[in-house]
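In: Below are the sequence and a predicted model for it; my questions follow.
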Amino acid sequence: MIATKESTIDIFMKMVENRNPGQAEFQQAVYEVALAVIPFMEKHPEYKKANILERMIEAERIIIFRVPWVDDQGNFRVNRGFRVQMNNAIGPYKGGLRFHPNVTLSVLKFLAFEQVYKNSLTTLPMGGGKGGSDFDPKGKSDNEVMNFCQSFMTELFRHIGKDTDIPAGDIGVGSREIGFLFGQYKRLSNEFNGVLTGKGFAYGGSLIRPEATGYGLLYFVEEMLKLKGDTIRNKKVLISGSGNVAQYAIEKTLVFGGIPITASDSNGFIYDPYGIDAEKLAYLMDLKNKKRGRISEYAEKYGCDYFEGERPWKIPADIALPCAVQNELDEDDANKLVSNGCLLVAEGANMPTTPDAITVLQKNGILYAPGKATNAGGVAVSGLEMSQNSARLYWTREEVEGKLKLIMQSIHTQCIQYGTGADGKIDYLKGANIAGFVRVADAMLAEGHV
């Protein structure tokens, strides 16, 4: 009896679950890819024969280490550090470092696996990796964060390099942490090179790197709407989060003439029906980046509604951009978006939409695009930072943003190429997964049994 596509996927996922028990986030990320890639491989037996997908889901190397450090009271503390080097078929491992209490091996394997596809879509020569620690920088002094970063890098530095593995920032790892990490790497290696991206402009960083993920997201959304003869102008936009990605997604929404009406943090969300304008955004950025305050303070200042412990997806709007954390938009949220007439959902975070929510959105005709395509702007500009470091030069803001826009347009084109069905409808999830897979798979075939 010939197995159906569904049973082939079920058999594959059973193998994944057996080999990676208890790793729900990683299993979810693999399942999302398998739904598109396994049927594609049935039509391309060269990939199936070489067991490419099974090889892709196995990390090439995982480093786990302890990170001892001393707090301001002189107490000895210890955290766990990780680096998942997933795949380097098309270039050195590339991906961020995340410092957050919920960091586990499962979370980092999911992020590293996503990074392989995301980096492939940029067409830049970058493989995929991810790392981090369960260290929480919130509430820590600058001195404590420095102590931790120096200890973390003391172990990590021997596993990375400008032609081996180039980490960047992620949740909990901003310009402060990157500076401390880079300083320690430089001290230990006795080299000044581009081994970390997201650096400060004064010591090798690229202009618009902080803005890149949020900007790239909006460039992709504009391409999605342009294909429908529409634009972002005058559309109400729901945005979750209030960190780096959300802030610059709000900024670029304003540039395109849209009306951002929400922002959130781990405690709740604000709804500003008049829109978060440039002045309000400046306050929000100061609140979050310098004062490290809570989003509720925005509501107090501007007299808008604040919803404690809730997410913004119940507010009627035209566009929804989840920019916070994984699985923040579930099936109930998706049904609310459908009921309220939402037109488009594009991910600014990594895997923020659950599988059941994706099904609801797609069944109801809402345009949906996954993070591996829509939030690739950050790593794209990290790749451009690597190029600038290698050539010992700086590009202007306009040059970098121009290249970012072209990369996001190229990713959109790849999604159309592989995601357009016989009925002419575009499945961005399918398109992104297959496009990302093909480039890496072709490289793996060419390189042999690696």
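Out: Happy to help now that I have it.
In: any weak-confidence spans in this structure?
Out: Residue ranges of the chain with pLDDT under 70: 1-6, 450.
In: Centroid-nearest residue for it?
Out: Asn350 (4.2 Å; Cα atoms, centre = their mean).
In: The nearest residue to that residue once chain neighbours are set aside: neighbour count?
Out: Excluding the flanking residues, the one nearest Asn350 by Cβ to Cβ, 6 or more residues apart in numbering is Gly371, at 5.1 Å. Every residue, glycine included, has its C-beta placed from N, CA and C. Gly371 has 25 neighbours, counted by other Cβ atoms under 10 Å.
In: swap in Asn433?
Out: 26.
In: who's in contact with it?
Out: Counting by Cβ atoms under 8 Å, 6 or more residues apart in numbering, Asn433 touches Glu32, Val33, Leu35, Ala36, Val37, Tyr117, Pro370, Lys372.
In: which of the residues in the strand or helix carrying the third one are buried?
Out: Take DSSP states H and E as the rule and Leu35 turns out to sit in helix 24-42. For helix 24-42, the neighbour count (16 or more other Cβ atoms under 10 Å) marks 25-30, 32-38, 40-41 as buried.
In: Over to stretch 67-82?
Out: Val67, Trp69, Asn79, Gly81, Phe82.
In: Contacts for that stretch next, please.
Out: By Cβ under 8 Å, 6+ apart, stretch 67-82 touches 62-66, 103, 105, 108, 131-135, 140-141, 143-144, 147-148, 150-152, 155-156.
In: Surely Ile426 and Ile416 touch.
Out: Yes. Counting by Cβ atoms under 8 Å, Ile416 is a contact partner of Ile426 at 6.0 Å.
In: higher neighbour count, these two?
Out: Taking other Cβ under 10 Å, Ile426 and Ile416 do not tie; Ile426 has more neighbours (19 against 16).
In: measure Gly174 to Gly241 for me?
Out: Plainly put, Gly174 is 14 Å away from Gly241 if you go by Cβ to Cβ, to the nearest Å.
In: more neighbours, these two?
Out: More crowded of Gly174 and Gly241, by other Cβ under 10 Å: Gly241, with 30 against 17.
In: Relative to Leu384, how far out is that one?
Out: When Cβ to Cβ is the yardstick, Gly241 and Leu384 sit 24 Å from each other.
In: tell me which residues in the lengthiest helix in the chain are buried?
Out: Looking across the chain with DSSP state H, the single longest helix is helix 397-419. Residues 400-401, 403-405, 407-408, 411-412, 414-416, 418-419 are the ones in helix 397-419 that count as buried (16+ other Cβ under 10 Å).
In: just to revisit the earlier point, my read is that the residue nearest to Asn350 contacts Val345, right?
Out: No. Gly371 is not in contact with Val345 according to Cβ under 8 Å; the separation is 11.0 Å.
In: Helix or strand: which one has Phe113?
Out: helix 105-122.
In: Following the chain past that helix, name the next helix or strand.
Out: strand 128-133.
In: starting at the chain centroid, how far to that next one?
Out: For strand 128-133, the gap between its own C-alpha mean and the chain's C-alpha mean amounts to 12 Å (Cα atoms, centre = their mean, to the nearest Å).
In: And Ala263, how close does it get to Asp272?
Out: Taken as Cβ to Cβ, the span from Ala263 to Asp272 is 8 Å.
In: Next: Gln184.
Out: Distance, Gln184 to Asp272, by Cβ to Cβ: 41 Å.
In: try Gln414
Out: If you go by Cβ to Cβ, the gap between Gln414 and Asp272 works out to 36 Å.
In: do the same with Gly81
Out: 39 Å.
In: cool, and Leu329?
Out: 20 Å.
In: Can you pick out the residue with more neighbours from these two?
Out: Neighbour totals were compared for Leu329 and Asp272, and Leu329 leads with 28 against 19 (other Cβ under 10 Å).
In: That one: what's it in contact with?
Out: Leu329 neighbours (Cβ under 8 Å, 6+ apart): Ser240, Arg311, Trp313, Ala320, Pro322, Val345, Pro352, Thr353, Thr354, Ala357.
In: so which of the buried residues of helix 24-42 would you say is closest to Asn267?
Out: Glu25 (22.8 Å; Cβ to Cβ).
In: which residues does that closest one contact?
Out: Thr104, Ser106, Val107, Lys109, Phe110, Gln326, Met351.
In: can you tell me how far the fifth one sits from Leu344?
Out: It stands for Phe110. Taking Cβ to Cβ, one finds Phe110 at 24 Å from Leu344.
In: any chance you could map the helices in the stretch 101-250 of the chain?
Out: 105-122, 142-156, 175-189, 212-226, 244-255 (DSSP state H, counting those that start in this stretch).
In: In a markdown table, list those along with distance to Tyr306.
Out: Formatted as a markdown table, the helices of the stretch 101-250 of the chain follow (distance: least, Cβ to Cβ, whole Å):
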| stretch | distance to Tyr306 |
| --- | --- |
| helix 105-122 | 29 |
| helix 142-156 | 29 |
| helix 175-189 | 28 |
| helix 212-226 | 23 |
| helix 244-255 | 16 |
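In: Figure out which of the ones you listed is closest to Tyr394.
Out: helix 212-226 (15.5 Å).
In: Give the buried residues for the closest one.
Out: Buried residues in helix 212-226 (16+ other Cβ under 10 Å): 212-225.
In: can you tell me which of those residues lies nearest to Ile52?
Out: Nearest member of these to Ile52, counting by Cβ to Cβ, is Phe220, at 26.8 Å.
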